[in-house]
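*Asks:* Provided below are the primary sequence and the corresponding predicted coordinates.
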Amino acid sequence: MLRKIFLPLSWLLFFLSCGKLEHTNPYDPESPLSLQEKGKISGKIILEESKDYAGVIVSLKGTSLTSITDKEGNWTITDVPQGKYTIAVSKENWEYLEPMEVEVGIGEELDVGEIFLSRLRGSLAGQILLEESDDHSGALISIKDTLYAGFSNRDGNFIISGVSTGTYDILISRSGYEEREITGVKVSANSIIDVGNGSPVNLFLQRGEVEGYAFLEGETDHSGILVSVEGSGKTGITDSTGHYIISLIPVGRYNITFTKDRFNKEVVTDVVVGKNQTTPVGDVLLLVSRGSISGVAYLEGSSEHSGILLIFEGTSYTGLTNSDGDYLIQNIPVGTYNLIAKKYGYEDVR
């Protein structure tokens, strides 16, 4: 005879619940993700050509988890669920060439070590033209506060490659020329930037001036003396007092010549013209150019021709013939004269 056994409902539910265990341990891989202990990823960023590593954004791709580095480059991302991730790193003007994949376990604290970011680079180019020159080589193009530099060739062209991206001030210089600065030139990654924005950059000669006095022998009016700075193309003319000034002379060392018709040429050597300076030149005296005249004068009906007086009319220059009639008169100022021959008992000859 069979007996019927009745169990209370609470007992039935108890037996059924014993067949399924709940996973609530935060370190149990079977526990729900929301209950699992979160991990942590940390590391350090190194920026090429920088000593300040702050401001780099480090993130886990496909998540909203990010961190920003401090000055030493340290970073930490917390509350990281277990799983596999790709670390993304970004900062303006740098690039991350080797993306890193990591796997984080439950509650794991993972240090990925150093991550190196390379500096993005571009190039600078352009053309430098030197005033009053056909050879434009030798201009130094340097990027201020860096070691980047280059020189122009004969045509004035230059290129500086491998320049880190960023905004720079460019300094252009050459001996004897005014220095030129171009500010705010932005170098972009993998680009060639023309510092002149498509136009040549002109360098102008440094210039100065000379000043002084030049005088004419035996004259009270000293005007009209031509003063020439040799090799510069610059000239000046004296006024009645002998004063002159010549400006816009390229800096350098020069010989200065002084000339005027009927006067001997004078030269002052090794005059140094400085930038934005007036160089004084010592007083110069131009002596009258002089020559000599010789000839023969005869006395009619005589074999003895001495004693004939030769006079340059209007001057004190005279001479006498010898027995052969020869005469020589020296140190006569250049010019045109009337010559008079005289001797007592003979008619004057002009």
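*Replies:* Here it is on my side, so go on. Numbers count the residues shown, from 1 in each chain.
*Asks:* which other residues reach stretch 276-290?
*Replies:* Under the contact criterion Cβ atoms under 8 Å, 6 or more residues apart in numbering, stretch 276-290 has outside partners 206-218, 225, 245, 256, 258-260, 262-266, 268, 271-273, 330-334. For every residue, glycine as well, the C-beta is placed using N, CA and C.
*Asks:* only alpha carbons, please: show that stretch as PDB.
*Replies:* As requested, C-alpha coordinates have been extracted for stretch 276-290 and formatted as PDB (Å, rounded to 0.1, in the frame of the first residue of the first chain):
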ATOM      1  CA  ASN A 276      75.400 103.200 -38.900                       C
ATOM      2  CA  GLN A 277      78.600 105.200 -38.200                       C
ATOM      3  CA  THR A 278      80.100 108.400 -39.600                       C
ATOM      4  CA  THR A 279      83.800 107.800 -40.100                       C
ATOM      5  CA  PRO A 280      86.000 110.900 -40.100                       C
ATOM      6  CA  VAL A 281      88.700 111.200 -42.700                       C
ATOM      7  CA  GLY A 282      91.700 113.300 -42.100                       C
ATOM      8  CA  ASP A 283      92.300 116.600 -44.100                       C
ATOM      9  CA  VAL A 284      93.600 116.100 -47.600                       C
ATOM     10  CA  LEU A 285      95.600 118.700 -49.600                       C
ATOM     11  CA  LEU A 286      95.700 118.400 -53.400                       C
ATOM     12  CA  LEU A 287      98.800 119.800 -54.800                       C
ATOM     13  CA  VAL A 288      98.800 121.600 -58.200                       C
ATOM     14  CA  SER A 289     100.000 119.300 -61.000                       C
ATOM     15  CA  ARG A 290     103.200 120.500 -62.400                       C
END
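*Asks:* going forward, begin numbering at 54 instead of 1
*Replies:* Renumbered: residue one is now 54, and that last one reads stretch 329-343.
*Asks:* which positions in it come out as buried?
*Replies:* By neighbour count on 16 or more other Cβ atoms under 10 Å, the buried set for stretch 329-343 is 332, 334, 337, 339, 341-342.
*Asks:* mind giving me the packing neighbours of the helix or strand hosting I309?
*Replies:* Secondary-structure element containing I309, defined by DSSP states H and E: strand 305-312. When contacts are defined as 3 or more Cβ pairs under 8 Å, 6 or more residues apart in numbering; DSSP states H and E, strand 305-312 sits against strand 279-282, strand 319-326, strand 331-339.
*Asks:* one more pass at 6 Å, please.
*Replies:* With contacts taken as 3 or more Cβ pairs under 6 Å, 6 or more residues apart in numbering; DSSP states H and E, strand 305-312 sits against strand 279-282, strand 319-326.
*Asks:* and the buried residues of stretch 329-343 as JSON lines, adding pLDDT?
*Replies:* As requested, these are arranged in JSON lines below (pLDDT from 0 to 100):
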{"residue": "T332", "pLDDT": "97"}
{"residue": "V334", "pLDDT": "98"}
{"residue": "V337", "pLDDT": "98"}
{"residue": "L339", "pLDDT": "97"}
{"residue": "V341", "pLDDT": "94"}
{"residue": "S342", "pLDDT": "94"}
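*Asks:* I213: which of the residues you listed is nearest?
*Replies:* For the buried residues of stretch 329-343, the closest approach to I213 (Cβ to Cβ) belongs to T332, at 37.4 Å.
*Asks:* could you measure from the closest one over to V325?
*Replies:* Look at T332 and V325: by Cβ to Cβ, to the nearest Å, they are 6 Å apart.
*Asks:* need the overlap of contacts for the two.
*Replies:* Contact criterion Cβ atoms under 6 Å, 6 or more residues apart in numbering; residues shared by T332 and V325: none found.
*Asks:* pairing partners for the strand holding I309, with directions?
*Replies:* Strand pairing for strand 305-312, using DSSP bridges, gives strand 279-282 (antiparallel), strand 319-326 (antiparallel).
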